[in-house]
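[1] Sharing a model that was predicted from the sequence below.
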Amino acid sequence: MSIRVLAAASLFAVACFASSAWAQDEVPAFEDRELEALASPELQAFAGEQEFRRYLREANRIYRKRHPSRRYWRGSHGDAPTPEFLVAQAEVADPECTDPELCPQDAESDATAAISVTGSRVSTPTITNVQVAGVDEGDIVKQVGDYLLVLQDGRIFALHYPSMRLTDRIDVYRRDEDGDPAGADWYDEMLVQGDQVIITAYSYEDEASEISVFRLDRASGRVARRGVFLITSDDYYDVDNYATRIIGDRLVIHTPFEADQVEDRDSRPVVRRWLPGETREEAIRNGRKLFEARDIYRPVFGLEEPVVHTLSVCPLGDVAERGLDCRSTAFVGTRSAEMFVTPESIYLWMSSVSWNDWGEYDCPKVAGRAAASQVAPAAVIRLPLESGGPSVLGLRGRTYDQFSMDEHEGRFRALVSWGRDYCDIEVERTEEVALIDQPRSAFGPVYREPRDSRFIPLPPPGVFRVENRFAGNWLVYGGRQNYSGRPYDLENGEETEHPSAIAVPLGDPSASVMLDQPHNVIRLERVGDDMLINGYRDLGGLSLSYIDLGQTARITSTYRLDNRFESEGRSHAFNSIANADGSGIIGVPTIERVDQASRAWWWSSASDLSYLTFDAAGRLADAGFLEGKGEDEVETAPGYRCEVSCIDWYGNARPFFLGGKVFGLIATELVEAELVGGKVTERRRVDLTAARDAPR
């Protein structure tokens, strides 16, 4: 079992332990008066080191009082490494260094090493599915001009897509003095900004997130390394959300720290350039602090087991000269937090419910829907990207994921889970939901308890696992009873449970429409201004339903891909393009065998790419598929060897569309096709691993 899987299993075990072993508390932490006294409803940063440490000491004392038989939260992380935020970047030539893989470039060759950006708001169009236009999310395939870049096996593969010619292959990881791979263990996300390529990764040896910066030369198609950044953290990998964003020329990073990791100022995260041969201790001693105590904001409600959520905005222009000069702001909250980014703002949803609150509290057993006073508090922090301080909006409940939040025409909108999930586990759980629709002006300097009128009740989804998506002036949500929603345990003839999905017109939420799709919901994605639902009814195959979001919401057609099963769960694994006349094409990774229809994030086998067309009336039709090679193993060219990051945590199949053509990444192959007579017809494909140039 991989380290990441073990980590996920450990988190699940901790949650289960919390639910059983800590069930004797009389009140949740957010109702403890002593913890409330430590909070500040007014957004207020700590005055300095003494005040921050005093807060942690008091939180420690109250924790021990509430849990006398359990070690304090800081004790549970006593073996955690010293946190640090290091910047490794090319310096001037070191005359003592002889290894070109480890040494900085010499002054002459470094003339192009400066990361230059034309304009402060450069926007790079993306070819894969993202939540918000103008906000680039990490992915494994990107476009820069006439080039496609693929991140796989800890390497960048560059291809000139008009000619389908490979132009470069470069290792993202470095090599040590023996020529062995050095650096991160997992290379997960690629972002692009202008000609720059940014790779995010994680290194267990350094106990740090690693951000590597490259530049693509559009004339030659060659890729050159420009720098490496290390941010010490617990593995940032998130099965549901991406770790980083790029808006214009700015990198946005959310980095949570256990409070005890940043208590000591001398061991707090630092930012500096890497120098050859410098030890970690020297780097920490000589570095510049990422944030001070006065940059940390107090919690706005009572909580225990505090986590410091750091939001950093880092300009990428002229990094070689100025270094990585991040503006970091930190907020004390629970571990439960979700980031949502727009071109103007960073939103951070923080729930007051911690792991300890997943016990059997004596909650009121009232009939009907919950009132605001019976649902756990939450706060949404808004941090503007340009200038100005943070503001807060008081809410309650929790979000399902980042797709539960949206910003449209100056209004913040969210789907809130209204269930009392911190109550007695024997009380029948009802997954109640509500809509938040507030103007940006509702955010202010003070956290205030929200009135019931702030929450617009919505029809319950009838299931525990909920998918949700905003599209213009509509919200659509629905789901399934279990996590995966796959028909693994069905016998032939049985059907999955599939309550209706719900479409909410945000101008009049009371006019919500029940959508009787004949399958459950494992995926909800935008298709132009409309929506598509993927799911299962039985063992027959993947069903897709097209939702027309016009004057009302209606399902215009449902199509089942017989004996085809969706093989990846991330949003980026889906893609579509809509033409001016309302027609278009949809692509999604699939597999033929139901037992391999896994939404697990460690899936590395090759998928096929299935395509459907839709007309202006929303009628779906099968457009065929592009076939992958190999059912159980990813095939590579003779002599090719993966050395690092050989499990595709973020998937390895992507459909996308360029210049009127259909493209697909299928594991190690890039395929070009065309839509001819309503069917996808393959023209040519390239094996990325067959590049003759040795990795650099």
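    Good, I have the coordinates.
[2] Over to Asn58. Which of the three states is it?
    Quick fix: residue 58 reads Glu, not Asn. At Glu58 the chain is in helix, as set by DSSP: H, G, I helix; E, B strand; the rest coil.
[3] Spatially nearest residue to it, not counting backbone neighbours?
    Leu38 (5.7 Å; Cβ to Cβ, 6 or more residues apart in numbering). The C-beta positions use only the backbone N, C-alpha and C, and glycine is treated the same way.
[4] What of Ile456?
    Nearest to Ile456 is Leu435, by Cβ to Cβ, 6+ apart, at 4.2 Å.
[5] Can you give me every residue that contacts the one you found?
    By Cβ atoms under 8 Å, 6 or more residues apart in numbering, the contact set of Leu435 is 413-416, 455-456, 458, 475, 504, 506, 509.
[6] Among those, which one lies nearest to Gly183?
    Ala414 (38.2 Å; Cβ to Cβ).
[7] what's in contact with the host helix or strand of that closest one?
    Using DSSP states H and E, Ala414 sits within strand 411-417. Applying Cβ under 8 Å, 6+ apart, the contact partners of strand 411-417 are 347, 349, 378, 380, 382, 393, 395-400, 404-407, 431-440, 442-443, 455, 458, 466, 468, 470, 475, 477, 506.
[8] got the buried residues for it?
    412-417 (16 or more other Cβ atoms under 10 Å).
[9] and if you look at stretch 502-516?
    Judged by neighbour count (16+ other Cβ under 10 Å), stretch 502-516 contains these buried residues: 502-506, 509, 512-513, 515.
[10] just to revisit the earlier point, export the buried residues of strand 411-417 as TSV, with columns for distance to Gly145.
    Output for the buried residues of strand 411-417, formatted as TSV (distance: Cβ to Cβ, whole Å):
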residue	distance to Gly145
Phe412	35
Arg413	35
Ala414	37
Leu415	38
Val416	42
Ser417	43
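[11] any chance of the contacts of Leu435 in JSON lines, with pLDDT too?
    Putting those into JSON lines (pLDDT from 0 to 100) gives the following:
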{"residue": "Arg413", "pLDDT": "97"}
{"residue": "Ala414", "pLDDT": "97"}
{"residue": "Leu415", "pLDDT": "97"}
{"residue": "Val416", "pLDDT": "93"}
{"residue": "Phe455", "pLDDT": "91"}
{"residue": "Ile456", "pLDDT": "94"}
{"residue": "Leu458", "pLDDT": "95"}
{"residue": "Leu475", "pLDDT": "98"}
{"residue": "Val504", "pLDDT": "98"}
{"residue": "Leu506", "pLDDT": "96"}
{"residue": "Pro509", "pLDDT": "97"}
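[12] Which one of these is nearest to Ile586?
    Closest approach to Ile586 among the contacts of Leu435 (Cβ to Cβ): Leu475, at 21.0 Å.
[13] Can you tell me the SS state at the residue lying closest to the closest one once chain neighbours are set aside?
    The shortest distance from Leu475 to any non-neighbouring residue, by Cβ to Cβ, 6+ apart, is to Val504 (4.3 Å). Assigned by three-state DSSP, the conformation of Val504 is strand.
[14] any idea which helix or strand comes after the strand holding Ala414?
    Scanning forward in sequence from strand 411-417 by DSSP H and E, the next helix or strand is strand 433-439.
[15] quick one: the helices in the stretch 301-450 of the chain?
    With DSSP state H, counting those that start in this stretch, the ranges of helices along the stretch 301-450 of the chain come out as 319-322.
[16] Low-confidence ranges, it, go.
    Applying pLDDT under 70 to the stretch 301-450 of the chain flags residues 319-323, 354-374, 419-430.
[17] That one: strands as residue ranges?
    For the stretch 301-450 of the chain, the strands defined by DSSP state E, counting those that start in this stretch occupy 307-315, 327-333, 337-341, 345-351, 377-384, 391-396, 405-408, 411-417, 433-439.
[18] wait, which of those is closest to Ala578?
    Closest among the strands of the stretch 301-450 of the chain, using Cβ to Cβ: strand 405-408, at 18.9 Å.
[19] got a list of contacts for the closest one?
    Counting by Cβ under 8 Å, 6+ apart, 132, 338, 340, 342, 344-345, 347, 349, 380, 399, 412-414, 440, 470, 472-473, 475 sit against strand 405-408.
[20] which of these are buried?
    132, 338, 340, 342, 345, 347, 349, 380, 399, 412-414, 440, 470, 475.
[21] Can you name the two of those residues that sit furthest apart?
    Pairwise over the buried ones among the contacts of strand 405-408, using Cβ to Cβ, the maximum falls at Ser345 and Leu475, 19.5 Å.
[22] now the strands for the stretch 101-250 of the chain?
    For the stretch 101-250 of the chain, applying DSSP E, counting those that start in this stretch gives strands covering 136-137, 141-144, 147-152, 155-160, 165-171, 174-175, 181-182, 186-193, 196-203, 208-216, 223-232, 244-247, 250-258.
[23] Any chance of those strands in a markdown table with distance to Arg654 as columns?
    Listed next are these as a markdown table, based on distance: least, Cβ to Cβ, whole Å:
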| stretch | distance to Arg654 |
| --- | --- |
| strand 136-137 | 13 |
| strand 141-144 | 5 |
| strand 147-152 | 9 |
| strand 155-160 | 13 |
| strand 165-171 | 18 |
| strand 174-175 | 27 |
| strand 181-182 | 25 |
| strand 186-193 | 11 |
| strand 196-203 | 16 |
| strand 208-216 | 19 |
| strand 223-232 | 19 |
| strand 244-247 | 18 |
| strand 250-258 | 22 |
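[24] Output the ones you listed in TSV; the columns should cover distance to Leu539 and mean pLDDT.
    TSV is the format used below for those (distance: least, Cβ to Cβ, whole Å; pLDDT from 0 to 100):
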stretch	distance to Leu539	mean pLDDT
strand 136-137	34	90
strand 141-144	32	96
strand 147-152	32	96
strand 155-160	37	96
strand 165-171	41	96
strand 174-175	48	84
strand 181-182	43	86
strand 186-193	33	90
strand 196-203	38	88
strand 208-216	41	86
strand 223-232	45	82
strand 244-247	39	90
strand 250-258	40	88
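[25] What is the end-to-end distance of stretch 245-253?
    One end of stretch 245-253 to the other measures 7 Å (Cα to Cα, to the nearest Å).
[26] my bad, should have said stretch 126-145
    First-to-last residue span, stretch 126-145, Cα to Cα: 11 Å.
[27] which of the residues in it are buried?
    Quick answer for stretch 126-145 (16+ other Cβ under 10 Å): 126-132, 134-144.
[28] Wasn't Glu281 part of a strand?
    No. Glu281 sits outside any strand when classified using three-state DSSP, being helix.
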